[in-house]
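J.: Sharing a model that was predicted from the sequence below.
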Amino acid sequence: MSIAVLRSFIAKRQEEHIARQAAIKARNSKAATEEVVEVNGSAGETSTKVEATSSSENNIAKPIRVLEALAASGLRALRYAREVEGIASVLALDSDKVAVEACARNIKLNGSVAASKVEAQQADSRVYMLTHEKQFDVVDLDPYGSPSIFLDSAVQTIADGGMLMCTATDMAVLCGNNGEVCYSKYGSYSLRAKYCHEMALRILLATIESHANRYKRHIVPVLSLSVDFYIRVFVRIYTSANAMKQTPSKLAYVYQCVGCDNFCLQPLGRIVQKNNSTRYLPGLGPTVQQQCEHCGKNFNMGGPMWAAPIHDTEWVSAILSQVCEAKKRYPAFDKIHSILTSVSEELIDVPLYLSIHELSATLKCTPPSAIVFRSAVLNAGYRISGTHASPLGFKTDAPMEVIWDIMRCWVKEHPVKAQKEETPGTIILSKEAKLQADFSRARGAQSKAQMKGVARFLPNPEENWGPKVRAGRHIKPKHGNLLNTATEGKSFENPAESDDKQKEAGL
Ligand SMILES: C[S@@+](CC[C@H](N)C(=O)[O-])C[C@H]1O[C@@H](n2cnc3c(N)ncnc32)[C@H](O)[C@@H]1O
Ligand SMILES: [Zn+2]
């Protein structure tokens, strides 16, 4: 995936370079015309407004400089240098002497292209990045666990318009098992909610933005992925004191009801446009009542997290086309294709997601099929999409009231056993639906991927795939699931539960 993004970044940079050159040319010819007018007019003195034409004649963007800040044996550095055209150099840093020696050996073993482009160096990457301001077009951070200690220097070493590719594998922390630890690392409280994997992405984006802001910089997310047992984001970094003012309006806290699936975002800031002026104001709140209006329970509050789009949809489509055109160049084509297809269909303006199975679990009813549920939402006049972060998740702009009404209508047709009073499910079902749900098949109820028969989620590739029980621990029968013996090929696991299991196994 990183190779696909890198290739598309280089293509994008080239397009931007051409556009910049065209703009410079246009400015120059305008300036030249003005100059002629000035000379022919009264003043006679020529101005020197015209920019250097030599650069405007150069239609090829400079090859990029890549920093792999946590390189280990240099596997990624070598792949980037060998497989991606348009790279000038790759610096592979690691603080571990043995890793650097292994990297140097691997450079030698990987032929002349690797030898001419990749350099291995032993250094603490935090210090290195801090002392090389705006020196790299791409920085790759692939740490063990959290990238948080590398972010402050990473955002400084990236050139304007450059890209940060950053992984985090501390999913238990980011998914709310240790919200307080998440706060200490990322400055954000994570929640143990069904949408925790997308929230993890949004927490990581918010923390990168916060580090960038300290240097009058801001991020523009290109692609944000929750895959298997880690997350990885691809963001561009720009410098602009003015654009930075928009940051609070891109962040939000999350109120999560402790009784039902209801959640609500609380924006930190808002932007008000009046005539030609822009005002930056605090967010209006609270966006929820003291108790949940649906089930009467309290709210937990998480965040702040990134609430603006987490992908650039157009760019994602371009990466997807590029990958499809050069299928043979991607050994992991099926996986990349299925992830990007899911991402490309996500409602970009709807943060987080619900799950049909969780809604049904709250009401203790049989879940409607995805098509039936999606149809009801569409027939009610709202949008709905899947999410790449969970096979059972769905994003919708329908208010929670509408979602519960649809479920109330569903339960009318598929009655549930009587439950104890005062459970969230009983309270929700005790209210009459205001909306009459229409479950007839709606156009668009099937995703484009489903219509084309593209798998959105692939089963794990082989037996014993994925992170294992920590070395030295005795494998108990309860770890069977983790080792895929029982779940192989079944990817419909509750994300929060799966994190529990990983934590249980000490991963
Ligand atoms: C997860 S590994 C990187 C794996 C590598 N990117 C790959 O794809 O094979 C993390 C590496 O970061 C290195 N590391 C940890 N702290 C560091 C620091 N402050 N500066 C440089 N390297 C560091 C470790 O020695 C380790 O080799
Ligand atoms: Zn509730």
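T.: Received the coordinates, thanks. Ligands and ions are numbered 1, 2, ... in the order given.
J.: and the residue of the stretch 401-507 of the chain nearest ligand 2?
T.: Going by CB to the ion, ligand 2 is nearest to residue 424 of the stretch 401-507 of the chain, at 5.7 Å. Any C-beta I mention is one placed from the backbone N, CA and C, and that applies to glycine too.
J.: Correct me if wrong: that residue contacts residue 362.
T.: Yes - under the criterion of CB atoms under 8 Å, residue 424 makes contact with residue 362 at 5.8 Å.
J.: who touches both of those two?
T.: residue 260 (CB atoms under 8 Å, 6 or more residues apart in numbering).
J.: Flag every residue of this protein that's near ligand 2.
T.: Residues of the chain lying near ligand 2 by CB under 5 Å from the ion: 257, 259-260, 262, 292, 294-295.
J.: Including pLDDT, secondary structure and neighbour count, could those residues go into TSV?
T.: Formatted as TSV, the residues of the chain next to ligand 2 follow (pLDDT from 0 to 100; DSSP: H, G, I helix; E, B strand; the rest coil; neighbours: other CB atoms under 10 Å):
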residue	pLDDT	secondary structure	neighbour count
257	97	strand	24
259	95	coil	20
260	96	coil	23
262	97	coil	25
292	97	coil	25
294	96	coil	20
295	95	coil	22
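J.: what stretches of the stretch 351-500 of the chain score poorly on pLDDT?
T.: For the stretch 351-500 of the chain, residues meeting the criterion pLDDT under 70 lie at 453, 455-500.
J.: got CSV for the residues of the chain next to ligand 2, with distance to ligand 1 too?
T.: Listed next are these as CSV, based on distance: CB to the nearest ligand atom, whole Å:
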residue, distance to ligand 1
257, 37
259, 40
260, 39
262, 38
292, 41
294, 43
295, 43
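J.: Quick check, central residue of this structure?
T.: residue 224 (1.9 Å; CA atoms, centre = their mean).
J.: any idea which helix or strand carries that residue?
T.: Following DSSP states H and E, one finds residue 224 within strand 217-227.
J.: so after that strand, what's the next helix or strand?
T.: Heading C-terminal from strand 217-227 (DSSP H and E), you reach strand 230-239.
J.: what comes up buried for the helix or strand that comes right after that next one?
T.: Sequence-wise, the next helix or strand downstream of strand 230-239 (DSSP H and E) is helix 241-244. Applying a neighbour-count criterion of 16 or more other CB atoms under 10 Å, one finds residue 244 buried in helix 241-244.
J.: Restrict helix 241-244 to CA atoms and write it as CSV.
T.: In CSV, the C-alpha atoms belonging to helix 241-244 read as follows (Å, rounded to 0.1, in the frame of the first residue of the first chain):
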residue,chain,number,x,y,z
ALA,A,241,-0.5,30.4,9.8
ASN,A,242,-3.9,31.2,8.3
ALA,A,243,-5.0,27.7,7.5
MET,A,244,-4.0,26.7,11.0
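J.: where along the stretch 101-250 of the chain do the strands fall?
T.: Assigned by DSSP state E, counting those that start in this stretch, the strands in the stretch 101-250 of the chain fall at 118-122, 136-141, 158-168, 217-227, 230-239.
J.: measure residue 119 to residue 112 for me?
T.: In this view, residue 119 and residue 112 are 14 Å apart by CB to CB, to the nearest Å.
J.: Counting neighbours, go ahead and name the busier of these two.
T.: residue 119 (16 against 7; other CB atoms under 10 Å).
J.: Enumerate every residue touching that one.
T.: 89-92, 107.
J.: just residue 134 next, same as before
T.: 156-160, 162.
J.: hmm, 6 Å instead?
T.: residue 159 (CB atoms under 6 Å, 6 or more residues apart in numbering).
J.: go on, residue 375?
T.: 439, 441-442, 445.
J.: Tell me, how many residues neighbour residue 161?
T.: That count, for residue 161 with other CB under 10 Å as the rule, works out to 15.
J.: list the contacts for it?
T.: So residue 161 contacts nothing (CB under 6 Å, 6+ apart).
J.: And the helices in the stretch 301-450 of the chain?
T.: Remark: helices assigned in the stretch 301-450 of the chain by DSSP state H, counting those that start in this stretch are 313-325, 333-345, 356-363, 370-379, 400-413, 424-430, 448-452.
J.: Give me the contacts around the third one.
T.: It refers to helix 356-363. 194, 260-261, 367, 373, 392, 407, 411, 424-425.
J.: Extract the CA atoms of stretch 224-236 and return them as PDB.
T.: The C-alpha trace of stretch 224-236 is given here as PDB (Å, rounded to 0.1, in the frame of the first residue of the first chain):
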ATOM      1  CA  SER A 224      -6.100   6.700   6.800                       C
ATOM      2  CA  LEU A 225      -6.300   2.900   7.200                       C
ATOM      3  CA  SER A 226      -7.200   0.500   9.900                       C
ATOM      4  CA  VAL A 227      -5.900  -2.800   8.800                       C
ATOM      5  CA  ASP A 228      -5.600  -6.100  10.700                       C
ATOM      6  CA  PHE A 229      -3.900  -5.200  14.000                       C
ATOM      7  CA  TYR A 230      -2.500  -1.700  13.200                       C
ATOM      8  CA  ILE A 231      -3.400   1.700  11.800                       C
ATOM      9  CA  ARG A 232      -1.500   3.700   9.200                       C
ATOM     10  CA  VAL A 233      -2.100   7.300   8.000                       C
ATOM     11  CA  PHE A 234      -0.800   9.200   5.000                       C
ATOM     12  CA  VAL A 235      -0.900  12.900   5.500                       C
ATOM     13  CA  ARG A 236       0.600  15.900   3.700                       C
END
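J.: domains of the chain?
T.: 1-61, 62-285+296-329, 346-452, 459-507 (automatic domain parsing).
J.: Let me know which of the ones you listed is tucked in deepest.
T.: domain 62-285+296-329 (a mean of 19; mean count of other CB atoms under 10 Å).
J.: any idea of the mean pLDDT in the longest helix along the chain?
T.: As assigned by DSSP state H, the longest helix anywhere in the chain is helix 2-40. For helix 2-40, the mean per-residue pLDDT is 85.
J.: What is it packed up against?
T.: Counting by 3 or more CB pairs under 6 Å, 6 or more residues apart in numbering; DSSP states H and E, the packing neighbours recorded for helix 2-40 are helix 53-56, helix 313-325.
J.: Would you format those as TSV with distance to residue 73 and mean pLDDT included?
T.: Shown next, in TSV, are the helices and strands packed on helix 2-40 (distance: least, CB to CB, whole Å; pLDDT from 0 to 100):
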stretch	distance to residue 73	mean pLDDT
helix 53-56	39	42
helix 313-325	26	94
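J.: Please produce JSON lines containing the ones you listed, extended by distance to ligand 1.
T.: Shown next, in JSON lines, are the helices and strands packed on helix 2-40 (distance: least, CB to the nearest ligand atom, whole Å):
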{"stretch": "helix 53-56", "distance to ligand 1": "35"}
{"stretch": "helix 313-325", "distance to ligand 1": "20"}
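J.: Out of these, which is closest to residue 138?
T.: Counting by CB to CB, residue 138 lies closest to helix 313-325 out of the helices and strands packed on helix 2-40; the figure is 15.0 Å.
J.: who does the closest one touch, helix- and strand-wise?
T.: So helix 313-325, by 3+ CB pairs under 6 Å, 6+ apart, packs with helix 2-40, helix 333-345.
J.: And the contacts of that helix?
T.: So helix 313-325 is contacted by 4, 8, 222-223, 330, 336, 340, 343-344, 348 (CB under 6 Å, 6+ apart).
J.: Over to stretch 233-249?
T.: Contacts for stretch 233-249 (CB under 6 Å, 6+ apart): 5, 155, 158, 160, 162-166, 204, 212-213, 216-224, 268-271, 280.
J.: swap in stretch 274-289?
T.: Against stretch 274-289 from outside (CB under 6 Å, 6+ apart): 245, 255, 264, 266-272, 299.
J.: Sounds good, over and out.
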